[in-house]
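In: Generate coordinates for the sequence data below:
(2 chains)
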Amino acid sequence: MAVGQLLTGRAGAGASAAQLEYAAVRHPGPLTRIALVGNPNSGKSSLFNQLTGLNQKVGNFPGVTVDRKTGLSQLTPQHRAEIIDLPGTYSLYPKSLDEKVITDLFYDKTSPHYPDFVVVTVDASNLRRNLLLFTQLADLGLPTVLALNMMDVAEQHGVHIDVAALQQELGVPVIPMNARKGIGVAALKIVMAQMLDAPTVQFYEPEAELLPMIRQIRYYFNLHNDYLALHYAHQYRHIRQLSADDRAYIQELVQQYGFEPTARQAQETISRYARINDILLNCVSVTRTERNEPYSNRLDRVLTHKVWGYLIFFGVLFLMFQAVFAWASWPMELIDQGVAWINGLIQTNFSGPLINLLTEGVLAGLGGVLIFIPQIALLFAFIAVLEETGYMARVTFMMDRIMRRFGLNGKSIVPLISGVACAVPAIMSARTIENRKDRLITIFVTPLMSCSARIPVYTVLIGLVVPDVPVLGVFNLRGVALMGLYLLGFFAAILSAWAMKLLLKTQERSYFIMEFPVYRWPRWKNVALTIVEKVKTFVLQAGKVILAISILLWVLASYGPGTDMERAEAQARTEAARRRLTPEQTDAHVASEKLESSYAGRFGHFIEPAIRPLGFDWKIGISLLTSFAAREVFVGTMSTIYSVGQDADELTVQQKLAAEKDDNGQPFFTPVRAFSLLVFYVFAMQCMSTLAATYRETKGWKWPILQLVYMTGLAYVSSLLVYQLLK
Amino acid sequence: MSSRSPLAPSAAAPRSVKDLQLGESGTICCLKDPEMALKLLEMGCIPGTRVRLNSRAPLGCPITLVVGDTADYTLSLRVSEAATILLK
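Out: Numbers count the residues shown, from 1 in each chain, chains lettered A, B, ... in the order given. Alright, predicted model coming up:
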């Protein structure tokens, strides 16, 4: 086919996006399924974003716990395609769960997800290694297009590629492009809109002594080519669509022919590289100058330096915290006020239990979800930029040695740091860790890092019992106490990781063999799409769970057994009238009395025996229950129970707590009680959003439940020890 | 069987990538650890390829290698992984 004249096309040269959108409505056309594969750092995400823009969605691959990104692309006015984005990989022999998705897709020709053809993105500046995956895919007999990406980088490195010759050698269309700038995307789309034939060139022929076995597998399973049959021999244990009998059949053959998978796979790789070397000799020339050393290496001398490296890293961290704590606070406030405004609007115009459910349950729960959006967006903007520039690889490189001692991985540093802002985006960012065990441990321990929602609790209780005195002249004792709580959380996370490292068994080996990406400017479109994707995922997935729990909690706090609530209200009103309270004080008093006789209040009384050894009473019990959904509810609940009035700020809660007396007339909140409660809040898993995130990231209930039990247990025992040993 | 040669070390080549000095180059002779070899081969560490020790992490591990005669790309790996790459 004539591709030559298309090679210089630019994105946007054809119809405008609006025209295409319009055409799509009028002519839906055939929908081709196209799989996008390539090495990590080959520009695959850029190309995917160029092709699909905002038409992306994230789902699960059938049967496995890996994300599946798909998007629609308008190839020509008449032709749309579904693009499946696959995890970056170096070969068709999967090393991780992520990569197994790729072989699952390509092994089963009868699957409804089987692609019509494949677009392989390769980094033109590192063609040799990138072509390995291409040759494997071509040998599977799939119609393939080669997207020869980063032509500009190749030119800079003195690598000149004769595209026509390469196309001749590879036997498939080759489209030179620069996906970051959108150059070549239009040409690629036109090629993608055509019917392609299977590749004509075979790059690796299995050794003759393997052929008898391959033929037997091929005929038994009715496979369309030898190379696929060879893959069956290699991977039969992991091929999803095979039955136990099928597997036994292949296993028998493998034993009968003395097939050695590891040696054969090594041999295949070497033979492919030999073939690729031959091809490149004919199509690529390199003008090598000694000054060719990439600027990346020079930048690395500073950025991974013993001293500067860590200093710069801490600088970046500081900037990130600043952003998440300071810059995120005003849009968060805006969202908070917005939800409150809508709430007020509904409450002033309507009334009734359904409206209460809507405002106090649904909207309050929704507000609790939406308020995290600015933090999530900012955090992921930072992380996306650090990833896109290639800096993140350097951070993991510097931290790997330290983190490995504790059963973590260099890449765990990102979630742990993000956890100080909010565990929800932090857990989501653990996705960059390929090793499953390392990733699970990271997700498991991240919520122990003290997040921003703990700050109100810390502030109130520290202010209550820690005197405001200087330490060593410069520090403040309260500041020291606050830092101590953060450190307590950090050490708990590290030690828990270490304990889990000993407990968790895995067959998967931990590698740190990774390519160091070249430093690049971030693609802002990629960053923006990452933010949109993460926020959308969070709102939709975590939101559902939080909403359900909020409604449940609202019911528990609003209803009591029989007519208890009405009686309590009447009693409270009489008492308020007798004590001549202001209307506001009356409302607060009524609210507190009602809460006590609600199911939630009953529950507080019910669990009192269990929490008394920690120094807590039933009032704290209610707060523990309500703040189970989210820690920041604690201060609000305390203010309701201690009838401070609804507009009370944290200071007045503090005064009220200070005035609280125990049975002997002594102050109830002794330093020991306060510390016991503080330690409880450092460790306890009181965050539905986090559990929802863990559920989403591990795709099951096992890990969130383990997390809940472990952290609550840790909180209980530590709290018990603090109270019993120090009282 | 001759097909196993890339995986089996020859007795005369005990030096590995781990022993390189900063900036020093070497040519890969073979890969000692069969399972790791598969990963390293796919990443382009084929016997006969030149590698140069480019840098060490501040704590000595991991390290980075520049792989290929034309400095194709930079590979980061742990010292224990580098020790499985033997040099000619």
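In: any residues touching the helix or strand where A:Ala81 lies, and which ones?
Out: Assigned by DSSP states H and E, A:Ala81 falls within strand A:79-85. Identification of contacts with strand A:79-85 by Cβ atoms under 8 Å, 6 or more residues apart in numbering or on different chains yields A:24, A:28-36, A:44-45, A:48, A:51-52, A:68-75, A:105, A:113, A:115, A:192-193. (Each C-beta comes from the backbone N, C-alpha and C, glycine too.)
In: need the next SSE after it, C-terminal direction.
Out: Following strand A:79-85 in sequence order, the next helix or strand is helix A:97-107 (DSSP H and E).
In: ok, that following helix near chain B or not?
Out: No. Judged by Cβ under 8 Å from any Cβ of the partner chain, helix A:97-107 stays clear of chain B, getting no closer than 10.9 Å.
In: next one: the strand holding A:Ala81 to chain centre, how far?
Out: For strand A:79-85, the separation from the chain centroid amounts to 24 Å (computed by Cα atoms, centre = their mean, to the nearest Å).
In: What of stretch A:492-502?
Out: With Cα atoms, centre = their mean, you get 21 Å for stretch A:492-502.
In: what about the closest residue to A:Met685 other than its chain neighbours, how many neighbours?
Out: If the residues on either side of it in the chain are set aside, A:Met685 comes closest to A:Met711, at 3.8 Å by Cβ to Cβ, 6 or more residues apart in numbering or on different chains. Using other Cβ atoms under 10 Å in any protein chain shown, A:Met711 has 23 neighbouring residues.
In: Which residues belonging to the one helix or strand A:Val395 maps to are considered buried?
Out: Using DSSP H and E, A:Val395 maps to helix A:391-404. Neighbour-count burial for helix A:391-404 flags A:391-401, A:403-404 (criterion: 16 or more other Cβ atoms under 10 Å in any protein chain shown).
In: Likewise for stretch A:172-186?
Out: For stretch A:172-186, by 16+ other Cβ under 10 Å, it's A:172-180, A:182-186.
In: and if you look at stretch A:35-54?
Out: Under 16+ other Cβ under 10 Å, the buried positions of stretch A:35-54 are A:35-39, A:41-52.
In: which residues in chain B form helices?
Out: Assigned by DSSP state H, chain B shows helices spanning B:34-42, B:79-82.
In: okay, those helices, which one's buried deepest?
Out: Mean neighbours per residue, mean count of other Cβ atoms under 10 Å in any protein chain shown, is largest over those for helix B:34-42, with a mean of 22.
In: Now find how far off-centre the longest strand seen in chain A is within its chain.
Out: Determined from DSSP state E, the single longest strand within chain A is strand A:67-76. Here the centre of strand A:67-76 is set off from its chain's centre by 21 Å, with Cα atoms, centre = their mean.
In: what is the mean pLDDT for that strand?
Out: The average pLDDT within strand A:67-76 is 83.
In: Using CSV, write down the CA coordinates of it.
Out: C-alpha atoms of strand A:67-76 as CSV (Å, rounded to 0.1, in the frame of the first residue of the first chain):
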residue,chain,number,x,y,z
ASP,A,67,-6.8,-1.0,34.6
ARG,A,68,-7.9,-1.0,31.0
LYS,A,69,-7.8,2.3,29.3
THR,A,70,-9.8,2.7,26.1
GLY,A,71,-10.7,5.6,24.0
LEU,A,72,-12.5,6.5,20.8
SER,A,73,-10.7,8.1,17.9
GLN,A,74,-12.1,9.7,14.8
LEU,A,75,-9.7,8.4,12.2
THR,A,76,-11.4,9.9,9.1
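In: what inclination does it have with respect to strand A:79-85?
Out: 160 degrees (axes from the mean of the first three to the mean of the last three Cα atoms, to 10 degrees).
In: Partner strands of strand A:67-76, with direction?
Out: Next to strand A:67-76 in the sheet, as set by DSSP bridges, lie strand A:56-60 (antiparallel), strand A:79-85 (antiparallel).
In: Nearest to A:Leu595, out of the ones you listed?
Out: A:Leu595 lies closest to strand A:56-60 among those, at 40.5 Å (Cβ to Cβ).
In: quick check: longest helix of chain A.
Out: Every helix in chain A considered (DSSP H), the longest is helix A:477-503.
In: averaged over its residues, what pLDDT does the next helix or strand after it have?
Out: Note on helix A:477-503: by DSSP H and E, the next helix or strand toward the C-terminus is strand A:514-516. For strand A:514-516, the mean per-residue pLDDT is 86.
In: what about strand A:514-516 and chain B, touching?
Out: Yes. Strand A:514-516 is in contact with chain B by Cβ under 8 Å from any Cβ, via A:514-516.
In: Go ahead and build a PyMOL selection from the buried members of these.
Out: Buried residues within the residues of strand A:514-516 next to chain B, by 16+ other Cβ under 10 Å, are selected in PyMOL with:
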select buried, chain A and resi 514+515+516
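In: before we move on, back to that, looking at the helices of chain B, spot the one closest to A:Ala715.
Out: Within those, the stretch nearest A:Ala715 is helix B:79-82; the backing value is 37.7 Å (Cβ to Cβ).
In: For chain B, list the residues in contact with chain A, please.
Out: B:1, B:3-4, B:6-7, B:31, B:34-44, B:46-47, B:54-55, B:57-62, B:64, B:66, B:68, B:70-78, B:81.
In: Give me the buried subset of those residues.
Out: B:6-7, B:31, B:34, B:36-44, B:46-47, B:54-55, B:57-58, B:61-62, B:64, B:66, B:68, B:70-78, B:81.
In: Strands of the chain, residue ranges please.
Out: Picking chain A for this. A:31-38, A:56-60, A:67-76, A:79-85, A:117-123, A:144-149, A:159-161, A:174-176, A:284-286, A:470-471, A:475-476, A:514-516.
In: looking at chain B here, not the other one
Out: For chain B, the strands defined by DSSP E cover B:25-31, B:50-56, B:63-67, B:73-77, B:85-87.
In: could you give me the average pLDDT of the helix holding A:Val395?
Out: The model assigns helix A:391-404 a mean pLDDT of 89.
In: Can you list the neighbours in contact with it?
Out: In contact with helix A:391-404 (Cβ under 8 Å, 6+ apart) are residues A:300, A:303-304, A:309-310, A:313, A:316, A:383, A:386, A:409-414, A:432, A:512, A:514, A:516-517, A:519, B:57-62, B:64, B:76, B:78.
In: Please report the distance of the nearest residue to A:Ala323 once chain neighbours are set aside from A:Cys422.
Out: In space, and not counting its chain neighbours, A:Ala323 is closest to A:Leu378: 5.0 Å by Cβ to Cβ, 6+ apart. For A:Leu378, the distance to A:Cys422 equals 10 Å [Cβ to Cβ, to the nearest Å].
In: What of A:Ala198?
Out: According to Cβ to Cβ, A:Ala198 stands 49 Å off from A:Cys422.
In: Neighbour count: the two, which is higher?
Out: Shown here are A:Ala198 and A:Cys422; by other Cβ under 10 Å, A:Cys422 has more neighbours (24 against 15).
In: what about chain B, any weak spots by pLDDT?
Out: Scanning chain B for pLDDT under 70 picks out B:1-13.
In: cutoff 80 now
Out: Low-confidence segments of chain B (pLDDT under 80): B:1-14, B:69-72.
In: Was I right to think A:His701 contacts A:Leu691?
Out: Let me fix one detail, which is that residue A:701 is Trp and not His. No. Using Cβ atoms under 8 Å, A:Trp701 is not in contact with A:Leu691; the gap is 9.3 Å.
In: Neighbour count for the two, which is higher?
Out: Between A:Trp701 and A:Leu691, counting by other Cβ under 10 Å, A:Leu691 is the more crowded of the two (26 against 12).
In: ok, the spatially closest residue to that one that is not a sequence neighbour - contacts?
Out: By the measure of Cβ to Cβ, 6+ apart, the closest residue to A:Leu691 outside its immediate chain neighbours is A:Pro704, 4.3 Å from it. Going by Cβ under 8 Å, 6+ apart, A:Pro704 touches A:691-692, A:694-695, A:698.
In: Out of these, grab the one that's most surrounded.
Out: With neighbours defined as other Cβ under 10 Å, the most crowded of these is A:Thr694; it has 30 neighbours.
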